[in-house]
Every structure is written in C-alpha cells, then in structure tokens.
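Novice: my questions concern the predicted model and sequence given below.
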Amino acid sequence: MITKLVLGPILGLESDTRYTVTFVTNNAVSDVTLDYLDQRVAAVKIGEIAAGTVWRVPMAIPDAVGRQVTYTLKVGQSPVSDVRQQQRWQFYVPAQDEKPKLAYASCNGFSDYKLLLSSADPYHLWDRMAQQHTEAPFSLLLMGGDQVYADSIWSTVPTLKAWNEGSRKKKMSYVPSQRMLAQIDRFYSDLYVDRWNKSPMAPLLASIPSLMMWDDHDIIDGWGSFPDEMQQCEVYKAIFASAKKHFSLLQLRGEDNRSRIGNTQPDSGHFSCYVKFRHFNILLLDNRSERSISEIMSAAHWQDVIHCLNTQCTEGDLLLLSAVPVVYRDFSFAESALDATPWEEELTDDLKDHWRAKEHEGERLKLIMRLLNNANHRLGKTIILSGDVHLGGLGIIRDQRQTPANSIHQVISSGIVHPAPTYIQWLGILAVTNDDREYLDETRAVTANMIKPHGSDKYIRSRNFVTLLEGSDHKLWINWISEGKDKPAYPLQ
C-alpha cells in the first residue's frame with residue numbers, strides 16, 4: 001500500500017555537504033525512512049501541525065564530483081508518494097570546483113484575492129524556473145521572504161473576524177480562547193499545505209535544495225511595524241506564535257538546523273542563518289522575529305551577525321539576504337507628512353517597514369558599514385538579495401575612502417507570484433518618493449543609489465525571479481527572468 005504525503009518533500013541545505021528532506025504525513029504514520037546513494041536513513045518526527053506530523057531526515061553528500069542524486073521515501077517496505085503520485089525525486093549536487101547555478105525569488109503569493117482572480121497565469125514564473133532547471137539544473141534556491149501570504153487570516157478565521165469587530169479597548173485586553181488558538185493554528189497549516197502543493201512549485205521544492213527566510217506576510221502584513229500596544233496584545237502574540245511554529249517546522253526545517261547562528265534554542269530571539277556553499281558565504285538575516293517600530297535586530301542579534309561576518313565570512317563571495325531592500329527609494333517626505341496626520345497609526349506599517357524609515361536609519365548605516373568593512377577584508381563580491389517591494393531593481397553602495405574603491409551591489413527580485421504595482425499605483429509611489437543619490441558619511445565618499453540593469457528600465461515593473469551564475473569572465477551574471485518583454489541582466493565585477 002502506498003502512503004501519500006500531505007505536504008512535501010521539501011529539500012533543504014544546511015552546509016556544503018549536508019542536505020535535509022522535510023515532509024508532512026498523516027498522524028497514523030509511525031516510521032519513515034529515506035533511501036539515497038545506497039544508504040537508508042530513518043526520518044525523525046520534529047513536530048505536528050493541524051494537517052499531520054512533520055518529519056525531517058538529513059543526507060550527507062561529500063562527493064567532489066557533480067552528480068544527480070535520487071532519493072525515495074518508504075513506510076516499512078512500502079513506497080511513499082507525493083500528491084502528484086511521484087515516488088522518486090532527484091536533485092543536482094555541483095562539484096567542489098564547479099560554479100553552481102543559483103536562483104533567488106520572493107513574494108510567493110497574493111496580498112489580495114482580487115489579484116489572484118485578475119492573474120491569467122498565477123504560477124507562470126514557476127513554470128519558467130522548472131524549464132530552466134530541466135535545461136541546466138539549479139544547485140540552490142534562495143527564497144527571501146513571503147513564501148506564503150497570510151493576509152486572508154482576518155477574513156477566513158471566524159474568531160478573528162469577530163475580534164476585529166470589537167472596540168479597540170476590548171481587542172487590546174482580550175485573551176484568546178482555545179477555539180481561537182485552534183483556528184489560527186489550522187489557518188497556517190492549511191495555508192502551507194495549499195500553497196506549497198501547487199504545481200509547478202511543489203516539484204521544484206523537492207528537486208532544488210532551498211534556503212528560506214521569512215518576511216511580514218509569512219506572519220501578517222506589516223508585522224513588526226505596528227504600534228507596540230497592538231503588537232504586544234495577546235491576540236497578536238498568538239498569531240505570531242503560530243506563524244513562528246510553522247515557519248520553524250516548514251521553512252527552517254526544525255530546531256536541529258545547523259545553519260542557525262547565535263543561540264539556537266527554541267525560544268531564542270531570532271532565526272538568522274549562515275551557510276557556506278562552495279565559494280559562496282550565504283547569510284540570511286531574520287528581520288521580523290525581533291522587529292518593532294524602533295528596532296529591527298536586538299543588540300544580541302547584532303553581535304551574532306557581526307561575529308559571523310568576522311569569523312566565517314572571510315573568503316569567497318557573500319550573499320546577504322535582507323527581505324526589505326537596504327538601498328531603495330526615499331520615503332522620508334511621505335513619512336514626515338504622515339507623522340502630521342491623524343492616520344499615522346493606521347498606515348504607519350507601510351512606511352516603517354523600510355530600512356530608510358527614520359527609526360531604522362542608524363541600524364541601516366551600521367549594516368552598510370559592517371558589510372563594507374567585511375568586503376575590504378574578504379576581497380570577494382558582496383551582493384544583498386532583497387524582495388518585498390513587488391519590483392525588480394539594482395542598487396549599489398560605493399566606498400571611495402580607499403584605493404581601489406569598493407562596492408556592494410543589491411539585487412531586488414519580487415515577486416515570483418505577486419503582481420507588480422499597477423501603472424497608477426506606481427505613479428503614486430513616484431510622486432511621494434525620490435531615488436536621489438545618498439551620501440552616507442561626512443566626506444561624501446560612501447554613496448548609495450539605484451542603477452539601471454542592462455536591457456530594461458531602472459525598475460522592473462513585472463513579476464520576476466533572478467538567476468545567479470558566474471561566467472568564464474569571472475563575473476557573476478544576474479539575470480531577471482520576468483514576464484515583461486525586457487530581459488534585464490547585469491554582470492557583477
């Protein structure tokens with residue numbers, strides 16, 4: 001008898017040689033094994049969600065030659081299939097001296113059901129990625145936030161709909177009932193099972209190792225940028241606890257994930273991770289777990305990040321995932337105007353989410369200067385990978401304080417599913433923002449600004465994902481695979 005998975009398999013990466021497979025079965029399944037490269041490894045239960053039991057199994061692949069690896073799952077001697085009836089999965093492991101082909105994507109969903117209805121082919125770009133993977137396999141998929149969109153929580157969870165209809169005073173003092181807690185938990189469970197079982201995304205999650213870091217929509221829109229009273233109320237804390245549980249199990253793949261930096265205990269403050277993969281240092285910043293209007297990362301979190309930069313990111317190229325762009329348009333005019341209106345509290349999360357919000361300017365500068373210092377010692381490329389804004393784009397930070405000058409590039413890719421702003425919406429953004437060159441130190445030797453990719457406008461206003469591959473010219477080629485007619489690209493020196 002064939003056992004069918006509820007969700008998965010989901011292939012992960014934790015080091016140059018350590019891969020993981022995570023999946024969900026119904027609660028009646030008692031033991032599962034994974035077969036690969038003539039080895040059999042027992043899967044371990046790492047938790048439960050409303051839909052079933054979550055399992056995890058590691059794979060050690062030390063081979064130095066490029067190869068395809070096939071894996072299967074079994075319950076006893078019986079095969080396991082996914083929801084598409086597939087029983088065997090395969091992924092590519094690059095040779096140690098090979099230039100791996102990487103993909104980066106973000107914003108995998110819709111913030112409004114109307115956007116879904118108006119999209120003729122919602123998962124078209126996942127089809128494009130699958131086609132590219134067939135032609136030349138990706139070795140790693142980086143996902144920079146909003147892997148699911150939880151916006152519908154307010155309209156689909158009955159107890160939250162009723163809670164929202166109460167007065168502000170009642171809402172802030174309300175203690176969630178067991179019924180509310182169960183409904184919230186069921187919501188996140190159903191959300192992951194529904195979204196991540198979509199084809200063609202699901203086959204790619206099983207055949208390309210991935211690294212993921214969350215952003216606000218994986219929790220609720222604007223998480224971390226609400227007034228403190230609201231974010232610290234018991235209902236919001238219950239929502240965060242459930243979102244964190246599902247993120248930890250399905251995106252981070254359990255408490256035993258060896259890529260986490262700093263304190264890795266279950267109740268630690270953050271989920272930032274580091275992975276060395278071939279010549280890439282990959283640092284994923286968790287900018288949501290500790291976020292508030294006044295702070296993005298705690299002092300202890302900063303120390304963990306700085307320690308990682310100083311002791312682990314010492315050679316090779318650095319890919320730093322920051323879900324929200326570090327270099328982007330300046331919203332200070334809109335922010336100052338909003339501060340003077342009675343609607344500040346209602347709309348503040350849309351502006352306070354940006355690194356350039358006035359409360360976060362100090363932390364942003366700290367991050368930039370730490371990255372420049374690391375780049376000057378590491379002598380490799382530094383690329384910030386960002387999403388969130390539903391546009392593609394390219395930013396650059398130049399440091400001319402020494403000779404030769406140094407630079408950091410920022411690649412924005414979003415969304416792979418979420419549509420770009422409409423023309424009217426984009427005109428509104430342009431009207432209240434600017435992208436003038438920034439001067440980040442008193443000598444005006446450190447600057448930041450958006451620049452134009454080759455083959456497109458400065459801002460790529462269409463759905464997109466990015467591929468990264470080093471060419472024979474030793475340049476890291478960035479290609480935005482977009483729905484538009486343009487073919488944006490940029491070679492990083």
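Specialist: Perfect, I can see it now.
Novice: so which residues of this protein form helices?
Specialist: Remark: helices assigned in the chain by DSSP state H are 113-118, 124-135, 153-156, 158-164, 168-173, 178-196, 201-207, 228-231, 234-246, 299-311, 332-339, 344-352, 361-378, 423-432.
Novice: ok, which of those helices comes nearest Gln90?
Specialist: Shortest distance between Gln90 and the helices of the chain, using CB to CB, is found for helix 201-207: 6.0 Å. No exception for glycine: its C-beta is placed from N, CA and C like everyone else's.
Novice: circling back: comparing the helices of the chain by mean pLDDT, which bottoms out?
Specialist: Note on the helices of the chain: helix 344-352 shows the lowest mean pLDDT, a mean of 58.
Novice: which parts of the stretch 351-493 of the chain are strands?
Specialist: Ranges of strands within the stretch 351-493 of the chain are 382-386, 393-399, 406-412, 438-439, 446-451, 464-470, 476-482, 489-492, based on DSSP state E, counting those that start in this stretch.
Novice: which one of those lies closest to Met129?
Specialist: Across the strands of the stretch 351-493 of the chain, Met129 has its closest neighbour in strand 464-470 (6.3 Å, CB to CB).
Novice: for that closest one, list the C-alpha coordinates in PDB.
Specialist: The C-alpha coordinates for strand 464-470 follow below in PDB (Å, rounded to 0.1, in the frame of the first residue of the first chain):
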ATOM      1  CA  ASN A 464      10.300  38.200 -11.800                       C
ATOM      2  CA  PHE A 465      12.800  35.900 -10.300                       C
ATOM      3  CA  VAL A 466      16.600  36.000 -10.600                       C
ATOM      4  CA  THR A 467      19.300  33.600 -11.600                       C
ATOM      5  CA  LEU A 468      22.900  33.900 -10.500                       C
ATOM      6  CA  LEU A 469      25.800  32.200 -12.300                       C
ATOM      7  CA  GLU A 470      29.500  33.000 -12.600                       C
END
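Novice: that one vs strand 406-412, what angle?
Specialist: Relative orientation of strand 464-470 and strand 406-412, computed by axes from the mean of the first three to the mean of the last three CA atoms, to 10 degrees: 140 degrees.
Novice: run through who's touching strand 464-470.
Specialist: Contacts to strand 464-470, defined as CB atoms under 8 Å, 6 or more residues apart in numbering, come from residues 99-105, 125, 128-129, 132, 138, 319, 383, 385, 392, 411, 413-416, 476-483, 488.
Novice: Pro137: what's it in contact with?
Specialist: Neighbour list for Pro137: Gln68, Phe91, Tyr92, Lys101, Ile208 [criterion: CB under 8 Å, 6+ apart].
Novice: if we go to 7 Å?
Specialist: Applying CB atoms under 7 Å, 6 or more residues apart in numbering to Pro137 gives the contacts Tyr92.
Novice: what's the spacing between it and Pro62?
Specialist: Note on Pro137: its distance to Pro62, by CB to CB, to the nearest Å, is 19 Å.
Novice: do the same with His409
Specialist: Distance of His409 to Pro62, computed by CB to CB: 32 Å.
Novice: again with Ser111
Specialist: Ser111 is 43 Å from Pro62, where distance means CB to CB.
Novice: between those two, who's got more neighbours?
Specialist: Legend: neighbour count by other CB atoms under 10 Å for Ser111 and Pro62, higher for Ser111 (19 against 9).
Novice: tell me which residues touch the more buried one, please.
Specialist: Taking CB under 7 Å, 6+ apart, one finds Tyr149, Asp151, His217, Asp221, His418 in contact with Ser111.
Novice: pLDDT score assigned to it?
Specialist: Looking at Ser111, its pLDDT is 86.
Novice: please apply the same query to Gly269.
Specialist: Gly269 is assigned a pLDDT of 88 by the prediction.
Novice: what about it, neighbour count?
Specialist: 16.
Novice: Trp302 now?
Specialist: By other CB under 10 Å, the residues close to Trp302 number 16.
Novice: could you find the closest non-adjacent residue to it?
Specialist: Among residues not flanking Trp302 along the chain, Lys366 sits closest, at 7.4 Å (CB to CB, 6 or more residues apart in numbering).
Novice: measure the one you found to Gln303 for me?
Specialist: According to CB to CB, Lys366 stands 12 Å off from Gln303.
Novice: what of Lys169?
Specialist: Going from Lys169 to Gln303 by CB to CB gives 39 Å.
Novice: which of these two has more neighbours?
Specialist: Each of Lys169 and Gln303 has its neighbours counted (other CB under 10 Å); Gln303 has more, 12 against 8.
Novice: low-confidence ranges, this protein, go.
Specialist: 266, 333, 335-350 (pLDDT under 70).
Novice: what is the neighbour count of the closest residue to Gly262 other than its chain neighbours?
Specialist: What sits nearest to Gly262 in space, not counting adjacent residues and going by CB to CB, 6+ apart, is Asp304, at 3.2 Å. Around Asp304 there are 21 other residues, counting by other CB under 10 Å.
Novice: ok, Phe277 next?
Specialist: Counted with other CB under 10 Å, Phe277 comes out at 22.
Novice: got a list of what Asp317 touches?
Specialist: Taking CB under 7 Å, 6+ apart as the criterion, Asp317 is in contact with His279, Phe280, Asn281, Gly380, Lys381, Leu476.
Novice: want to throw the residues you listed into TSV with neighbour count and distance to Leu191?
Specialist: Shown next, in TSV, are those (neighbours: other CB atoms under 10 Å; distance: CB to CB, whole Å):
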residue	neighbour count	distance to Leu191
His279	16	36
Phe280	22	31
Asn281	23	32
Gly380	17	38
Lys381	21	36
Leu476	22	34
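Novice: appreciated, that's everything.
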